[in-house]
Structures are given as structure tokens and as C-alpha cells.
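# pasting the structure only:
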């Protein structure tokens, strides 16, 4: 049973035409005079409406995520968006993917806010934990050379705060807390599912496999990268002595559906390029110590398989950076790749940069009606059975 | 063509600079690289974040008169132990232990940029152990009107880096020291990344010490402050600030010189430091 989550970035769609020529990045130092709060008000309302509609359409959940000081994603606090969604939806899961743990001092803040969201939503939270992207370490001025250590210690602290009765004392390398005792505690037992988004580093893959969390492949990479990632993840699970559940493997992939293939491309392509040329500009900012010495050379030489380096539609299709077409086309591609990759969760968004709200919703609705029933699982295709992970309260 | 000749000439001088030898000393349980050469009174050189951790002509020139000791900071070259360094305090303790191990008790200490800052931080904690202190284009202080050039933001921007580091960004020495990605080997890219990582460990969250200004009055030995007039990474205003705060200090501004005097103004820089460290005057 493949589950479908609607993924949203809440991008800023109003960058000037010549943005890519005039600015070196949509991140960190992209001047915030380009942001207009009055347009921003309207935008949040529309984006939240789109997300809430995912429930009526039959998606299993929605994803929101955290980024700072940028035009790419306007959710410095995804928890605020998730809180709003707890009050606008009743059944679907709300996945925050995630909070960048090293940016929180103390990281207990994450334990508290996630517990609040889990209780508010009636046990529908998916708790995503991330190291955070390179640019966030510039924006928050947090030491990137310690980010992996801090991430792991904070994660252990949060899980313990959720599962062990408080107050207890935490004495770690980076954090010391005399009284760990968060109110409230989460509703799901032993705690909300933990998703760890990753961009393919072997360190993260092995860590997630060992800890039996779920690995969420972040979109915008070449299909070959995803093949390697899930193969390595399954191998790492086997080494840890178990076979992973399908819901431990998630795949992020932009999907746009229209009445026919030509129309889909025509409607979607300009907005994909807005995203690639403007919003991805500067995203691959790698502060020192953030990544391993092994990974840095290909990053510096720009030899990555990342969408930001792509220039033509042929490259988009060749690398399967997005699934774009008629319902039949998307259905076939999705069935092919989700089975080949062996993923149990697909995080799909069509909200690429400047896509107008009406087109986004049209694509979502077409996807829900004409694709979703046929791409879940061989045994249940044709039904719209709900996700297996229904929450404790809404299942009653 | 002329650039090429200059680079070859410098390369030949590096090969001919033979007074130094590499030793590995254990500090805090970690191997630490120390280059050492020459005879005379000890002169300790602490390198910049650029990582000049091979024996170079300027070391060799000093070694004609001094026992030159040039350690590599943890995380640079063959010095391990960056995992134990979380702050300037840790680094100063590292050097206190290294100097104990080497038997250095009354010596000339100095450095460029990051190295100058470490030298100053050592001197305010152990003022009795430093006979002469010198610092060139040193980090450590902060003036709101003169923010440092953001090395981390522009780490891949060769043009901006050369402009920040050199009086003449188009010179042979500038292109020899700052290379673009295409003209760098994988080993060089990794070495630069390691150097920036070791630097970030100290300066990412706050690129200076807020405690340093009120501690500088503890320095008792004569101090020489050398600064490139064209330093666009750490402006000469910081030379004046150090001069104002360190008692018994002398200020020398080098014309036509940027942030790295040991490369851009080698002869004058070597002479200034040597004359100062040799002099017998006391405070």
C-alpha cells in the first residue's frame, strides 16, 4: 500500500523577471525588500487552502518543511503551518519534514512543539528531523562543523524526552539540562513516526537504517541517485539485521497532471524553470565542515546530479526530475518507478515556484481522481483505502 | 610570461629553503606537526588559516638567525585533534602543552591573521613566558565600522578572494596562492576545505573575542604590530586598535601590502620581525 503525501514548499512566486541575472542567490542574503507582506498574506491563505484540500482529495497526508531567509520556501517555522492545518483537517497526517534540530537552543523546543502538534491533531503528526541545509547555517550563524554531532544528540534527547517519564537529567557533549520534563507529551505511542529526509549521503542512510527510522529521499536529484540511495538503504537495513518496511522508504518527486501530455508540459514547464533558475540558485551552499571531505570535491566541481544544473526539458525527462503528463502517462511512470525503487511513501508536489493556484489545484484534483486509485498497490488498486497509519483518535 | 617566471622562481626558492625539518610531537594525545630549523633564540611562527604549513622561504630566512618553530594548528596538515578544539581557549591550552613539551619558556611568539590572534590569546594568559610578541594582520577584535571580509561566503569566488587578500589581486603571487577550482587538484580542494573547517570551528559563530580588549593590558613584553596598508580582509583600523590596547607596542604599516605580508612583502616583513625579535630592549 503506497501512501501519498502532498508536498509543499510555499515558494515566493513574485521574483523579478531578471532575478537570475541580478542576484547570486535566492538564499541567505537575497534582499528581503523583494518580499511583499501584503502579497504574502494572500499567499499563505491560498497555500494553506491548497494543503487542506489534499485531505478531501484523498491524499494520506501533507508535508511542510523548514527554511530560513530565502525565497525558495516561506516556512521558517513549519510548525506554525502544521498548527494551522491541525484546525483545518480531520483525518490526514501532517508531516513536518522537518525541524532542523541544531538550530534550536534548546532542542527541547522541538520535543515540545511536536508534542503539541501531535496532541492538537489527535495523533496525526509525522515528526521529521533534519540537519538542515547548508544555507541555514549561514542564516542562523550556527557552527556547521558540529551540525551532525548536534543533530544526533538532539534527536536522542527528543526521543528520550518523549518516551521516558520526566523529570530526568540530560548530560551530553553539546547539551546539558538538569530538568527534562516536557509538557505536553505526544499522543502517539511510543512517539510519532520519525522521518529523516536525506540527499543521499551514506552516513545518513546508515544512521537512519540502524535506528529503524524512515528515510525520505529529497526531490530534485537524478533517478540514478535514487536507485543508489534505496539500494544502499536496504543493504544497510539487512546489515542491521532486518528487512525495511515499505513506509521506511520515501521518495520526493514533483508531479504535474493535465488533460494530455502536451498540455501538461505547456502548463508546468515555465514554472519549473522559474523554480530551477531562480529558487534553486544558491541552494548548494556548503559551509565548511557541513559535509564530509569525500563529498566536497564533486560538489565544488559542480558534478552533482542536482536539478539546479539542468538546462533543457530533455534533461528533466532523462533524469526523471519530475513526472509530467496526462493521467495515463503519470500513472504508468509512477507505477514503474515506485516499484523499481521499492518505496512505500511518495511525497509529491506540483507547486513548483510560480505555478498559479488554479493550475496547482487542477493538477491535484486530476491526480487524485485519475491517478491515485491506480498507483497504490497491486492488491488494492482501484480502491481509495486510507493510509495504514491512521491516527489513534481519528480511527475511533 | 613574467608571472610564470615569478612562480617558477618562487618554486625554486621553496626547493632551496632547506633549513627546516618536519617533526611530529604528541599533544593531548594527538600527533601534531612542527616544522623546525635554524639556530639561535627560539622564534615561534603561528600560521594563518591559509594553512602555510610547509617550510617556505620566509621561514628559511628567519632560520639564518633563529631557531624557527612553526607548528600546524589542529586540523591542518598532519596535525590531528580538531575534535578536541571547540574554542580559542582549547587552542591556547593546546599551545601551552606544545610549548611545555618543546621546553619553550621565554621565546619570541607571533603569527599572521588567525596565527596572530592565537599568539595574542596565548600572551594574555601567559604574559611571563613571552619575550617578544608580534602579530601581523591579526583577527581577534571587532569594530562595527570595519566588518571582516566574509571568507566563508566567498570561499569559491577567486576574484573577490584575491582582492581581499592582496594589494595587487592581479599579481603572480595572488594567482599562485588563490587558485580557482578548475586549476586545483582534488588534494588542494580537500586541504582548503579542511582549513576552512578548522577555522569555522573557531570563528563561525563569533569571529572575534569579546573578552580580548580588556585582557590586552596584561601583555608585558614589547609587541610589534605589522599590517598591510591594503589589507581588505581585516582592515588596518584593527592595527590601530591593537596598538591602542596593547601597552608598549609598536605599529608598522606596510605600503603596497595586503593581508599576507609573508608572501606579498616577504623581504620587508622578514626583516621587521627579525630585527624586533633580536633586539635586546625590554619593557
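Yep, it's here. Just so it is clear, the model here is predicted, and its values are computed rather than measured.

# Distance check, residue A:63 against chain B.
30 Å (C-beta to the nearest C-beta, to the nearest Å). C-betas here are computed from N, CA, C, even on glycine.

# check contacts around that residue.
Residues near residue A:63 by C-beta atoms under 8 Å, 6 or more residues apart in numbering or on different chains: A:5-8, A:95-97, A:128, A:347, A:349.

# any chance of these in CSV, plus distance to residue B:164 and pLDDT?
Output for those, formatted as CSV (distance: C-beta to C-beta, whole Å; pLDDT from 0 to 100):
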residue, distance to residue B:164, pLDDT
A:5, 46, 97
A:6, 46, 96
A:7, 41, 94
A:8, 40, 92
A:95, 43, 98
A:96, 40, 98
A:97, 38, 96
A:128, 39, 98
A:347, 42, 97
A:349, 40, 85
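
# Select from these every entry located in strands.
When the contacts of residue A:63 are checked against strands (DSSP state E), the matches are A:5-7, A:95-97, A:128, A:347.

# So is stretch A:160-176 next to chain B?
No - Stretch A:160-176 stays out of contact with chain B when judged by C-beta under 8 Å from any C-beta of the partner chain, the minimum separation being 9.5 Å.

# Contact distance from chain A - what residues of chain B qualify?
B:86, B:152-153, B:155-156, B:181, B:186, B:189-190, B:193-194, B:196-197, B:199-201, B:204-205.

# which of those are buried?
B:86, B:152-153, B:155, B:189-190, B:193-194, B:196-197, B:199-201, B:204 (16 or more other C-beta atoms under 10 Å in any protein chain shown).

# Turn the contacts of residue A:63 into a markdown table, columns for neighbour count.
A markdown table is the format used below for the contacts of residue A:63 (neighbours: other C-beta atoms under 10 Å in any protein chain shown):
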| residue | neighbour count |
| --- | --- |
| A:5 | 27 |
| A:6 | 26 |
| A:7 | 27 |
| A:8 | 24 |
| A:95 | 31 |
| A:96 | 30 |
| A:97 | 25 |
| A:128 | 26 |
| A:347 | 28 |
| A:349 | 24 |
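
# Can you tell me which of the residues you listed is closest to residue B:33?
Of all those, residue B:33 sits closest to residue A:128, with 42.4 Å by C-beta to C-beta.

# show me the contacts for the closest one.
By C-beta under 8 Å, 6+ apart, the neighbours of residue A:128 are A:63, A:65, A:95-99, A:194-197, A:216.

# likewise residue B:241?
Here residue B:241 is in contact with B:141, B:143 (criterion: C-beta under 8 Å, 6+ apart).

# That one belongs to a helix?
Yes - assessed with DSSP: H, G, I helix; E, B strand; the rest coil, residue B:241 lies in a helix.

# Tell me the first helix or strand C-terminal of the least confident helix or strand in chain A by mean pLDDT.
Least confident helix or strand, chain A: helix A:293-300 with a mean of 82, by mean pLDDT, DSSP states H and E. Next along the chain after helix A:293-300, taking DSSP states H and E as the criterion, comes helix A:313-318.

# contact partners of the helix or strand that that following helix is followed by?
Once helix A:313-318 ends, the next helix or strand along the chain (criterion: DSSP H and E) is strand A:323-325. By C-beta under 8 Å, 6+ apart, the list of residues contacting strand A:323-325 from outside reads A:253-258, A:260-261, A:264-265, A:268-269, A:329-330, A:333-334, A:337.
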